[in-house]
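Student: Using only what follows, build the 3D model:
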Amino acid sequence: MTANHAFATLTAVALVTASASAASAADRCDGKKPYLIYYATHAIAEPVWATVMKGAEQGAEDNCLRIKWTQDQKFSVETTINRMETAISEKPDLLVITATDPTAMRPTVEKAADVGIPIIAINVLDPAPKGQRLPYLIGIGADLYQSGVAAAQQVLKKNPHPKHGVVPNHVPGHVGLEQMAKGFTDTLQKAGATTEVIAIGTDTSQITATISNYFLAHPDTDALFCMNAGPFCFETVLDVARREKLGAGDKLSLVTFDVSPALLDAIGSGEAVAGIDQLMYLQGYLPAVLARTYLDYGMMPEADIVTGPAIIDKSNLDKVRHRLMEAGLN
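Tutor: This next block holds a predicted model:
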């Protein structure tokens, strides 16, 4: 067989395979209504939200749905509500939200429910009792208070008698972060430590200055819980700790929420105690699975789906690194 004949044969096989795959996908979705699922959450341009979007896209493909994904560049409750209002005007078959500020969001969420749009909340859930919370059908996300508790427990495994713990909050007023900070501080206080939550914002230069000044003013700080695994807390704190020789992994027990390459490297080197994950991919993927069942059959699980806290430490570091680096599911 000549090279040209071989190439032609391989091309023909590839075309047949592609056609068969397309036909298979068409057959799988044949007769299924392509409902529109609209994601109007507080998503911003960060890797963890890219993971949620990846999950949403795969969930839509697997369940023969259409999705519309929206996000902001920077965190803003106001612009999130604006995008929710736009979503309502486009009359999707199901709306996915984050209950980031239940009080501010209530009029908009109730408007969506009043016009018959079913709602799923992800990532941040309304902490109010079910009969009083925002009118969404189900919540999918980590138990954020327990995530803070889990972070403190990781500190206590390393240092059963911490002196002072601090939680830098990069988004003050974010109800989910406030729950998480409270879980951490409550747990450390029960162990006899003093604690504090400080506002740091999202300007990395300002974060650096704030953290440096904090350590100078509070030299007994031996536990720190970041609620962002990237530059808005953990990466910047780690840089400060290294530069100022604060004993990260020795004197200072560092734990963070979510996952990043910097965190995994720090766990491997012993500079960080652990990470607290919330399985963001599932938070994007599962709404599509539930939407298909609900819109086709009117059925929805009664209980919320809890995706965390999930602990990352040296025992599962290699598997998590594979998930992040090779599968791209941070």
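Student: all helices of the stretch 151-300 of the chain, in order?
Tutor: Secondary structure of the stretch 151-300 of the chain (DSSP state H, counting those that start in this stretch): helices located at 175-190, 204-217, 234-243, 261-269, 280-297.
Student: Give me the mean pLDDT for the first one.
Tutor: Which is helix 175-190. Mean pLDDT, helix 175-190: 97.
Student: That helix - contacts with which helices or strands?
Tutor: Applying 3 or more CB pairs under 8 Å, 6 or more residues apart in numbering; DSSP states H and E, one finds that helix 175-190 contacts helix 144-158, strand 164-169, strand 194-199, strand 221-226. Using the backbone N, CA and C atoms, a C-beta is placed for each residue, glycine as well.
Student: one more time with 7 Å, if that's ok
Tutor: helix 144-158, strand 164-169, strand 194-199 (3 or more CB pairs under 7 Å, 6 or more residues apart in numbering; DSSP states H and E).
Student: got it, and the last one?
Tutor: Using 3+ CB pairs under 7 Å, 6+ apart as the contact test, the elements touching helix 280-297 are strand 36-44, helix 47-62, strand 94-97, strand 119-122, strand 138-141.
Student: Mind putting these into CSV with distance to Gly173, mean neighbour count and mean pLDDT?
Tutor: Shown next, in CSV, are the helices and strands packed on helix 280-297 (distance: least, CB to CB, whole Å; neighbours: other CB atoms under 10 Å; pLDDT from 0 to 100):
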stretch, distance to Gly173, mean neighbour count, mean pLDDT
strand 36-44, 12, 24, 97
helix 47-62, 19, 20, 95
strand 94-97, 17, 28, 98
strand 119-122, 18, 25, 98
strand 138-141, 18, 23, 98
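Student: Which of the ones you listed sits closest to Val273?
Tutor: Nearest to Val273, of all those, is helix 47-62, at 20.2 Å by CB to CB.
Student: so after the closest one, what's the next helix or strand?
Tutor: Next in sequence after helix 47-62, counting helices and strands by DSSP states H and E, comes strand 66-72.
Student: Note down every partner strand of that following strand and its orientation.
Tutor: Paired strands of strand 66-72, with direction, are strand 36-44 (parallel) (DSSP bridges).
Student: And the contacts of the partner strand?
Tutor: Contacts of strand 36-44 from elsewhere in the structure, counted by CB atoms under 7 Å, 6 or more residues apart in numbering, are 49, 52, 56, 60, 65-75, 80, 83-84, 87, 90, 92-98, 100, 122-123, 287-288, 291.
Student: how many degrees apart are that strand and helix 47-62 in direction?
Tutor: 170 degrees (axes from the mean of the first three to the mean of the last three CA atoms, to 10 degrees).
Student: now could you export just the CA positions of strand 36-44 as PDB?
Tutor: Only the C-alpha atoms of strand 36-44 are listed here, as PDB (Å, rounded to 0.1, in the frame of the first residue of the first chain):
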ATOM      1  CA  LEU A  36     -32.000  26.100  28.500                       C
ATOM      2  CA  ILE A  37     -30.200  26.200  31.900                       C
ATOM      3  CA  TYR A  38     -29.000  29.700  32.800                       C
ATOM      4  CA  TYR A  39     -26.000  30.200  35.200                       C
ATOM      5  CA  ALA A  40     -26.300  33.600  36.800                       C
ATOM      6  CA  THR A  41     -24.000  33.200  39.800                       C
ATOM      7  CA  HIS A  42     -21.300  35.400  41.400                       C
ATOM      8  CA  ALA A  43     -18.700  33.600  39.200                       C
ATOM      9  CA  ILE A  44     -15.700  35.700  38.400                       C
END
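Student: give me the number of residues near Lys130?
Tutor: 10 (other CB atoms under 10 Å).
Student: Could you check how far it is from Pro107?
Tutor: Between Lys130 and Pro107 the distance is 20 Å, computed by CB to CB, to the nearest Å.
Student: about what we covered before: which one of the helices and strands packed on helix 175-190 lies nearest to Asp318?
Tutor: The closest of the helices and strands packed on helix 175-190 to Asp318 is helix 144-158. By CB to CB, the value is 18.5 Å.
Student: relative to strand 221-226, how tilted is the closest one?
Tutor: 140 degrees.
Student: Output helix 144-158 as CSV, nothing but the C-alphas.
Tutor: The C-alpha coordinates for helix 144-158 follow below in CSV (Å, rounded to 0.1, in the frame of the first residue of the first chain):
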residue,chain,number,x,y,z
LEU,A,144,-19.1,26.4,54.6
TYR,A,145,-19.3,26.6,58.4
GLN,A,146,-18.1,23.0,58.6
SER,A,147,-15.4,23.8,56.1
GLY,A,148,-14.0,26.4,58.6
VAL,A,149,-14.3,23.8,61.4
ALA,A,150,-12.4,21.3,59.2
ALA,A,151,-9.6,23.9,58.6
ALA,A,152,-9.3,24.5,62.3
GLN,A,153,-9.2,20.7,63.0
GLN,A,154,-6.3,20.4,60.6
VAL,A,155,-4.4,23.1,62.5
LEU,A,156,-5.1,21.3,65.8
LYS,A,157,-3.8,18.0,64.5
LYS,A,158,-0.4,19.8,64.0
